[in-house]
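Enquirer: model this:
(chains A and B)
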Amino acid sequence: MDFQLSRWRFVLRALVLALIVTALPMPAGADDASQPSARPGLRASIASNAKLAVAKTPAPAKSRAQAAGAVNKPLESKSFFKTPVGLAVLGVFVAGTGYAIYSASHDKIPPQGR
Amino acid sequence: MKRLIILLLLASTTLWAGNLNAQTLTGTIAGKITDEQGGALPGVTVTLTGKTGSKTQVSDTKGEFRFLALEPGYYAIKAELQGFRPKERTNLDVASGKTIEVPMALGVGGVSETVDVVATAVTIDTSSTATDNNLSQDLLASMPLSHTQAHNLLNYSPGINGSSAFGGASDSANSLMLDGVDTRDPAGGTPWMFFNYNLIDEVQIGGIGQPAEYGGFTGAVVNTITKSGGNRFAFLSEYRYTGKSLSSDNTSAEIKALNPGLANPAIVNKMNDYTVQLGGPIVKNKLFFFGNIERYSVVDDPTGPRTIHTEISPRFNAKLTAQLTPTDVVMLSGQYDQYNQTGRTGKVPAQNATDNQTRNEPAPNAMWNLQYRKVIGSSAFFEAKYTGYSGYYDLNPIDMSPYHYDYKTKIYSGGAGYVSKHDRSRNQVNLSLSKYAGAHNFKFGMEIERSTSRDRFEYAGGLYFYDKNGPYYAYGYSYDIKGTNKRESFYAQDQWKFGRATANLGVRADRIGGEAKGASGNLYSTFSISPRLGLVYDVSGRGTSVLRAFYGQLYDGAVFDSWYRAAPGTTDLTAWEVSNNWKTLTVAYVVPAVNKYRVGDTLKHPRTDEFSVAFEQQLGSSTKFTATGIYRSAKNFLNSVMIGGIWTPIPYTAPSPWTGPPLTIYKWANKISAPQYLIQNVDTVQYQMSGGSTIATDQSRKYKGLMLVLTRSLKDRWQAQVSYVLSKTEGNISNGSESGIASSQFDTPNGILVNAFGAAGYDRRHEIKMMLGYEIPKIEVAVNAYYLAVSGYNYTPYTSVSKSVTLYTGSLSVLLEPRGSRQVPFDKELSLRFEKVFKLGFNKLGFYADISNVFNSGIVTGVVTNVVGTSIQGKLVPFETPTSLIPARQVTLGARWSF
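Expert: Residues are numbered from 1 along each chain as shown, chains lettered A, B, ... in the order given. Just a heads-up that it's a prediction; the model follows:
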């Protein structure tokens, strides 16, 4: 019974997680498409070489996309945080930070005799 | 403090006067611009663009340029000159401490722009003797590595297992640097800073052929560089989960029946780990921020009677980077973390302890780091770092009643046994400056460290009971000792190019002092000079094939544990006779603690000499092969030796079921009630025998290794690093943590004259490590694998000899065969990660599953080594019965959103 229960809890948790993570970036694609494109020559050149050079696995923050010549202009402006993706990012960051702060207070084992 | 400031000022003056430098956090891009016929082109405008903006230089009369102090990352470089076609190179991956040479030939042409984009390729350093392995952020993010503790990542590098690197002592011999500054526990040199692996920009793991700027290690150097903000907003959110339904059991029914301690295998009931991370500009090209928050929590059911162990660790990191001027950068960062644990065991061994016999551990820590970098022209670079931390960990029993151990029944009762409190702090300043002058690359620097360690200990209730089917004896003592390590280090180094060869010449000086609260002056004092000499030869002349040779002397870091026993603060040990149903205590005897240990006047700090030869060959644009031969010899061992002890050799037959031949062991011939000990170098020790003769013993630990590494960067959808290491570590001092600096091996001749020579505990003769990554076409799923095959740990049968036989103050362990005579089975483990990445605009969404120990192997990693067996939960578990296995198969699910 316990096993069944934990499995259901796990499936439920995985579904909720999948929904949250997949729902958040949905506006991102649309937002990106509306951005002005870089100069075609440079972009095409990078894209053709990227097939060889760019890791297919995700490179979270420091990626080749960050290298000069491959910048994403919308990600360089503070107005990014007024877009749906930017707002979602802020939401996730604030929620994560807030819960960690709560945990630092709530889960702290109090020192004894100090 | 005043003396510290004066030292700093003096050091700064010296450094500036001498054009000094060193760089461990940053890299360099240098190059020469020519026309297509090879003629030097002066006056070319060279623009370097990275994540924090652009910098411009003009090539000199030789056509050369050099960008110094570059943070690790990807850069683009563009060369422009009127009348020539501009040329650009992108994807230049700068690693810390490395120089990328970028030769550029400009063709004559019109004004139209031509862009050459060069794919990332493996590079070979033709200047340095160091053999490093870098774990890039890409690799960390894609491989199925254990992400619980980032400081353990060194064990994925060739030649390092169980945190023992190239024969060095496990943990305590490694320098663990965070953003270029040592962060170890000043007590024993073990890891102190726990941090999130998502924080890492790059981990550089080395140890072989290291230049003079690296000190405080006789094992490996692990230099972890953390991420910073740039002009582009970067975000990461990751969540990992595993639980009971994703756990497995790899303990066979046979082992469960033999050892009740393994009858209930460890199960991870629930693990939740999330990270949120955001970095970007506050003021474009000027001021950048980076924040990283993690909350890691786990609830597990360990082996043995315990049913619960928990850890909750929230961690907060922040970093501000200011580009004050094009040549001045200031960085301020900090971390605050808590490490809240319950269910830790104490005096009662883990396989016997019940939930009531565990302790809670609060362990908060705050770390700070202030750095300043200044580039002076195109030939000099100054760096100043101030970093430190302050924190503690306490171990508080949940049941404060005294613990009992019944000698007859071997049963433990009562609480966890003792309370301990451990405070640590570290303050360190590093200054460095480098100067390129013609064929020379000079590097000079200094480090000042002040680190403290305070340990408090007392038995719960003030004593513990040693019963014999009822009241028998009780013992009690406590301590409160505090020590301060004071270290000043200076180094000077030159990379001198002549033709295809580069000489690496360096020297390092370390003064280490140790002061204790309640004692006057330095209790511990050493001064060491360590030369580092290397030669690199570019065999092909094109940077595709190099030979390296190195000789260097390496010294351990400053640690309190090597002399802490001489620090005042320990109370007398009192023994009581117990009667009346544990109600009446009568003092039986008192062992005074005063002056039990003292430190010798002339000491040499623990040292290892290294000879290494390496050959590195580029194989195509994306593959390189490295072969490295390593010889290391440890010396200047430190330990305590009884003063004035006289010993009588006696025959000894180990108890049944051991059937080996009798041994000669040593009985204390001039027993006194309060022996004294001298902490000294023990490379040669003479023991006085009762007939007037002496027996001398010379100590050694030598490592011989051949390391073969094949590295292929990502190309055609796959990447790999495959290594094989054949090695041998042997001597009469093992390489466990602190083995060569703070054991009781020399207190009597029995620890060093009886079967002491042989294979060290961390001698892993054969080691294969593979990291393989492949992306399956069409379905675009990445499969990444980590495979480890390594010889099992060595162990030695031993027996505990009663104090009635040796007349010593307590029972002694005696090895019954030469050290390391037996091995547990070969360890073979495969871990896999399957990951599906969706790219939506600039967003990347990854969903992955990690499977550790894919085949759920039940490989034994430890056995009972006492030949008469050991008692676990009241049952006698025989010699060589398994006591530990590799962790069972575990599936961890994760999701990641990043851009």
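
Enquirer: so what's the backbone phi/psi at B:Asp355?
Expert: Backbone torsions for B:Asp355, taken as degrees, to the nearest 10, come to phi -60, psi -30.

Enquirer: for chain B, what spans make up the helices?
Expert: B:2-18, B:137-142, B:253-258, B:803-806 (DSSP state H).

Enquirer: what's the least confident stretch among these?
Expert: Note on the helices of chain B: helix B:2-18 shows the lowest mean pLDDT, a mean of 38.

Enquirer: average model confidence for stretch B:344-364?
Expert: 94.

Enquirer: centroid-nearest residue for chain B?
Expert: B:Asn174 (4.4 Å; CA atoms, centre = their mean).

Enquirer: I'd say it and B:Gly216 touch.
Expert: No - B:Asn174 lies out of contact with B:Gly216 (CB atoms under 8 Å); the separation is 9.2 Å. Quick note: C-beta positions are derived from backbone N, CA and C, even for glycine.

Enquirer: what comes up buried for stretch B:430-448?
Expert: Within stretch B:430-448, the residues that count as buried by 16 or more other CB atoms under 10 Å in any protein chain shown are B:430-436, B:441-448.

Enquirer: for stretch B:498-508, same thing?
Expert: Quick answer for stretch B:498-508 (16+ other CB under 10 Å): B:500, B:502-508.

Enquirer: so of these, which ones are in strands?
Expert: B:502-508 (DSSP state E).

Enquirer: just checking, which helix or strand of the chain averages the lowest pLDDT?
Expert: You didn't say which chain, so I picked chain A. Sorting the helices and strands of chain A by mean pLDDT, DSSP states H and E puts helix A:26-33 at the bottom, at a mean of 32.

Enquirer: gap between the residue of chain B found nearest chain A and B:Val181?
Expert: Residue nearest to chain A within chain B: B:Gly841 (2.5 Å; CB to the nearest CB). Between B:Gly841 and B:Val181 the computed distance is 39 Å (CB to CB, to the nearest Å).

Enquirer: show me where the stretch 451-600 of chain B has strands.
Expert: B:464-467, B:473-476, B:478-498, B:501-516, B:522-538, B:545-555, B:573-579, B:584-591, B:597-599 (DSSP state E, counting those that start in this stretch).

Enquirer: out of these, flag the one nearest B:Asp337.
Expert: Nearest to B:Asp337 among the strands of the stretch 451-600 of chain B is strand B:478-498 (23.0 Å), distances taken as CB to CB.

Enquirer: elements contacting the closest one?
Expert: Here strand B:478-498 touches strand B:440-459, strand B:501-516, strand B:522-538, going by 3 or more CB pairs under 8 Å, 6 or more residues apart in numbering or on different chains; DSSP states H and E.

Enquirer: tabulate these (TSV), appending distance to chain A and mean pLDDT.
Expert: Shown next, in TSV, are the helices and strands packed on strand B:478-498 (distance: least, CB to the nearest CB, whole Å; pLDDT from 0 to 100):
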stretch	distance to chain A	mean pLDDT
strand B:440-459	9	96
strand B:501-516	22	97
strand B:522-538	26	96
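
Enquirer: want to try TSV for those, with distance to B:Val203 as columns?
Expert: Formatted as TSV, the helices and strands packed on strand B:478-498 follow (distance: least, CB to CB, whole Å):
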stretch	distance to B:Val203
strand B:440-459	21
strand B:501-516	23
strand B:522-538	23
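
Enquirer: for the residue lying closest to B:Pro397 once chain neighbours are set aside, report the pLDDT, please.
Expert: Nearest in space to B:Pro397, with sequence neighbours left out and distances taken as CB to CB, 6 or more residues apart in numbering or on different chains, is B:Ala416 at 3.8 Å. Predicted confidence (pLDDT) for B:Ala416: 94.

Enquirer: any idea how far B:Asn340 is from B:Ala416?
Expert: 17 Å.

Enquirer: repeat for B:Phe316
Expert: Taken as CB to CB, the span from B:Phe316 to B:Asn340 is 14 Å.

Enquirer: try A:Phe80
Expert: 36 Å.

Enquirer: ditto for B:Gly692
Expert: Relative to B:Asn340, and taking CB to CB, B:Gly692 is found at 60 Å.

Enquirer: neighbour-wise, which of these two wins?
Expert: More neighbours surround B:Asn340 than the other of B:Gly692 and B:Asn340, with 21 against 7 (other CB atoms under 10 Å in any protein chain shown).

Enquirer: B:Val590 bridge partners, please.
Expert: B:Thr574 (DSSP bridges).

Enquirer: cheers, nothing more for now.
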